[in-house]
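In: sharing a model that was predicted from the sequence below.
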Amino acid sequence: MKKALLFCIPAVLLASSCSKLEDYDNVNPKAATSAPGTSLVSNAERMLSNTINTPDINSNPFRLYVQYWAETTYPDESQYIIDTRQINRNFWDPLYRDVLSDLNEGKKIIAADNLLNADVKANQLACIEVLEVYTWSVLVNTFGDVPYSAALNSDNLTPKYDDDKVIYADIIKRLDAAIASMKPSAAGLGTADLYYSGSMTRWVKFANSLKLRLAMTIADDDPAASKTLAQSAAADLSQLISSNADNAKLTYLAAAPNTNPLWVSLIQSGRADFVGANTFIDKLNAWSDPRIDEFFKPVAGQTTFKGGTYGAPNAYANNSAPGAMLENPTFAGTLMNYAEVEFLLAEAKERGYTIGGTAAAHYEAGVTASITEWGGTAAEATTYLAQPTVAYGGSGSGATFQEKIGIQKWVALYNNPVESWKEWRRLDYPKLTKPAQAISEIPLRLPYPTTEANLNGPNYKAASAAIGGDVVTTRVFWDKK
């Protein structure tokens, strides 16, 4: 076979400087030489959902931190041991490498496509902005100060860290601009959109709901800015996620590698690592919560539900394992749901913001939305809400709105542990206590990955000093005592 190859030294590294490569056997002439921008968005959506929803103890310990689950043989993560498995790195890396980097590259490709309809391009870029804002907020909520303005630049491998509050202010501006540029009558990401199948009407609702979430997140830090932002987001309640059909979620496929990561950990692994925590199941039992038989299975051979001791080893057979719904490979991964939005609106009303409806009505709608999302009925929700320990004005539902809303929101966010952990820190409810074997307090943030200390040392040290120490008890800017 003819080969006319002009090699340079070293050939592998400097092939681009060679003048001629003819009939190169290893080049597939049918293979794509570039990826469509929308395919990069698809991958980013998948990886974002995986990172938020996985129960893999190597990367996402938050179902344990908010005490939904307890562990069986190895309770390290329930005792807040982070470094052994590099949990912080395994949460950090996918968000930067597989979500933000793909979104950034997809944005460049879409922006450069001069054949794309202008309105469609505007919508695709707006959807990318919403996803980026969501991801940046998760990084800030988890770590505090993070590389932001200098990140995602291949020419700068040691980016500086930005102040967490400054990042929040900027992503809020970006989100506002994205919402303003959306054109619901035009197409969006089309079939590449794994969340809403290209529906821009629902992307508008998701974006406004995310804006409401960010507004309420900063409520204790900057009440005035929070009020203005929340009232803007909720000026028209129909433009928020307003039913479970609007939930921001990814419905997985039945075949690997596109199954729900819950199925991977609970079924495919062949392991029995998790049971419900007594902290959570005891509450569900006390309230006769209709979701308990979806959240968990009865103890083997019984009809009762029992939680394992949080923070200690537990016998799998003697406690309630995660429910069958979570073992379905096609079970959806949730980024934001209707119940959360209603609880946000209830809190906004309690804080005196000009929002339609009443706090009690939004609270009841949030509880009902969660129960029906998990397969329950409106009648079950009505019965549940009639209990004094659950009713918004009930004698046992809590003395403050933070307690009333915080506890029921904790239940409703069962399938979104990352957000549940954030809301527990922000609202300070439910009251959770660390186990006796814990090596620290319940983490209020994750420490920075060791790779940052090793490879981005000066900026890591500056960031650690700026936040008051790279430890789990340092608070993110919105987390007030």
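Out: In hand now; what should we look at?
In: contacts for stretch 114-127 next, please.
Out: For stretch 114-127, contacts defined as C-beta atoms under 8 Å, 6 or more residues apart in numbering pick out 37-38, 41, 107, 110-111, 113, 178-179, 181-183, 185-189, 193, 200, 203, 207. Every residue, glycine included, has its C-beta placed from N, CA and C.
In: what does stretch 460-471 give?
Out: Stretch 460-471 is contacted from outside by 144-146, 160-161, 163-164, 440, 447-448, 452-453, 474, using C-beta under 8 Å, 6+ apart.
In: looking at the residues you listed, state which has the most neighbours.
Out: residue 144 (28 neighbours; other C-beta atoms under 10 Å).
In: quick one: the contacts of stretch 460-471 as CSV, columns for distance to residue 131 and secondary structure too.
Out: CSV is the format used below for the contacts of stretch 460-471 (distance: C-beta to C-beta, whole Å; DSSP: H, G, I helix; E, B strand; the rest coil):
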residue, distance to residue 131, secondary structure
144, 21, coil
145, 22, coil
146, 17, strand
160, 24, coil
161, 22, strand
163, 23, coil
164, 20, helix
440, 32, coil
447, 26, coil
448, 23, coil
452, 24, helix
453, 29, helix
474, 27, coil
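In: and of these, the nearest to residue 331?
Out: Using C-beta to C-beta, residue 146 is the member of those that lies nearest residue 331, at 30.3 Å.
In: in helices, which of the contacts of stretch 114-127 appear?
Out: Secondary structure assignment by DSSP state H places 37-38, 41, 107, 110-111, 178-179, 181, 200, 203, 207 of the contacts of stretch 114-127 in helices.
In: which ChimeraX command selects the buried ones in these?
Out: To isolate the buried members of these in ChimeraX, using 16 or more other C-beta atoms under 10 Å:
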select :37,38,41,107,110,178,179,200,203,207
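In: ok, the most centrally placed residue in the chain to residue 137 distance?
Out: The centroid of the chain falls nearest to residue 52 when counting by C-alpha atoms, centre = their mean (4.1 Å). Residue 52 is 12 Å from residue 137, where distance means C-beta to C-beta, to the nearest Å.
In: for residue 211, same thing?
Out: Distance, residue 211 to residue 137, using C-beta to C-beta: 11 Å.
In: shared neighbours, the two?
Out: Among the neighbours of residue 211, none is also in contact with residue 137 (C-beta under 8 Å, 6+ apart).
In: helix, strand, or coil at the closest residue to residue 392 other than its chain neighbours?
Out: Of all residues not flanking residue 392 in the chain, residue 360 sits nearest, at 4.2 Å (C-beta to C-beta, 6 or more residues apart in numbering). At residue 360 the chain is in helix, as set by DSSP: H, G, I helix; E, B strand; the rest coil.
In: mind checking the longest helix of this protein?
Out: Determined from DSSP H, the single longest helix within the chain is helix 118-143.
In: let me see the mean pLDDT of it.
Out: The average pLDDT within helix 118-143 is 98.
In: any idea of the mean pLDDT for the next helix-or-strand element following that helix?
Out: Sequence-wise, the next helix or strand downstream of helix 118-143 (DSSP states H and E) is strand 146-147. Regarding strand 146-147, the rounded mean pLDDT is 98.
In: and strand 146-147, what does it pack onto?
Out: Contacting strand 146-147 under the criterion 3 or more C-beta pairs under 8 Å, 6 or more residues apart in numbering; DSSP states H and E are the following elements: strand 161-162.
In: give me the contacts around the strand it packs on.
Out: Taking contacts as C-beta under 8 Å, 6+ apart, the residues outside strand 161-162 that touch it are 145-150, 459-460, 462-463, 466.
In: please enumerate the strands of the stretch 251-400 of the chain.
Out: Ranges of strands in the stretch 251-400 of the chain, per DSSP state E, counting those that start in this stretch, are 274-276, 333-336.
In: what lies in contact with the first one?
Out: It refers to strand 274-276. So strand 274-276 is contacted by 55, 63, 68-72, 265-266, 295-296, 305-308, 314, 316, 319-322 (C-beta under 8 Å, 6+ apart).
In: got a list of what residue 311 touches?
Out: So residue 311 contacts 70, 75, 78-79, 434-438 (C-beta under 8 Å, 6+ apart).
In: with those residues in mind, which one is nearest to residue 281?
Out: Nearest to residue 281, judged by C-beta to C-beta, of the contacts of residue 311 is residue 70 at 9.4 Å.
In: tell me if I'm right that the closest one and residue 314 touch.
Out: Yes. Taking contacts as C-beta atoms under 8 Å, residue 70 lies within contact range of residue 314: 5.5 Å.
In: need the residues touching each of these two.
Out: Shared contacts of residue 70 and residue 314, defined by C-beta under 8 Å, 6+ apart, are found at 275, 308.
In: which one of these two has more residues nearby?
Out: Neighbours were tallied for residue 70 and for residue 314 using other C-beta under 10 Å; the higher tally belongs to residue 70 (28 against 24).
In: and the helix or strand encompassing the more buried one, what does it pack against?
Out: Assigned by DSSP H and E, residue 70 belongs to strand 69-71. When contacts are defined as 3+ C-beta pairs under 8 Å, 6+ apart, strand 69-71 packs onto helix 62-65, strand 274-276.
In: if you set the cut-off to 7 Å instead, what comes out?
Out: With contacts defined as 3 or more C-beta pairs under 7 Å, 6 or more residues apart in numbering; DSSP states H and E, the packing partners of strand 69-71 are strand 274-276.
In: need phi/psi at residue 445.
Out: When quoted as degrees, to the nearest 10, the phi and psi of residue 445 stand at phi -160, psi 160.
In: what about it, how many residues nearby?
Out: Neighbour count for residue 445, taken as other C-beta under 10 Å: 23.
In: sorry, back to before: what mean pLDDT does the helix or strand following the strand holding residue 70 get?
Out: Per DSSP H and E, the first helix or strand lying C-terminal to strand 69-71 is helix 87-93. For helix 87-93, mean pLDDT rounds to 98.
In: same check on stretch 214-226?
Out: Across stretch 214-226, pLDDT averages out at 98.
In: CA atoms of it as PDB?
Out: This file holds the C-alpha atoms of stretch 214-226, laid out as PDB (Å, rounded to 0.1, in the frame of the first residue of the first chain):
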ATOM      1  CA  LEU A 214     -31.700  32.000  43.600                       C
ATOM      2  CA  ALA A 215     -33.800  34.800  45.000                       C
ATOM      3  CA  MET A 216     -34.800  32.900  48.000                       C
ATOM      4  CA  THR A 217     -31.300  31.400  48.500                       C
ATOM      5  CA  ILE A 218     -30.000  34.900  49.200                       C
ATOM      6  CA  ALA A 219     -32.900  36.000  51.300                       C
ATOM      7  CA  ASP A 220     -31.000  36.100  54.600                       C
ATOM      8  CA  ASP A 221     -27.900  37.700  53.100                       C
ATOM      9  CA  ASP A 222     -29.600  40.400  51.000                       C
ATOM     10  CA  PRO A 223     -33.300  40.700  51.800                       C
ATOM     11  CA  ALA A 224     -33.900  43.700  49.400                       C
ATOM     12  CA  ALA A 225     -32.200  42.100  46.400                       C
ATOM     13  CA  SER A 226     -34.000  38.800  47.200                       C
END
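In: many thanks, we can stop here.
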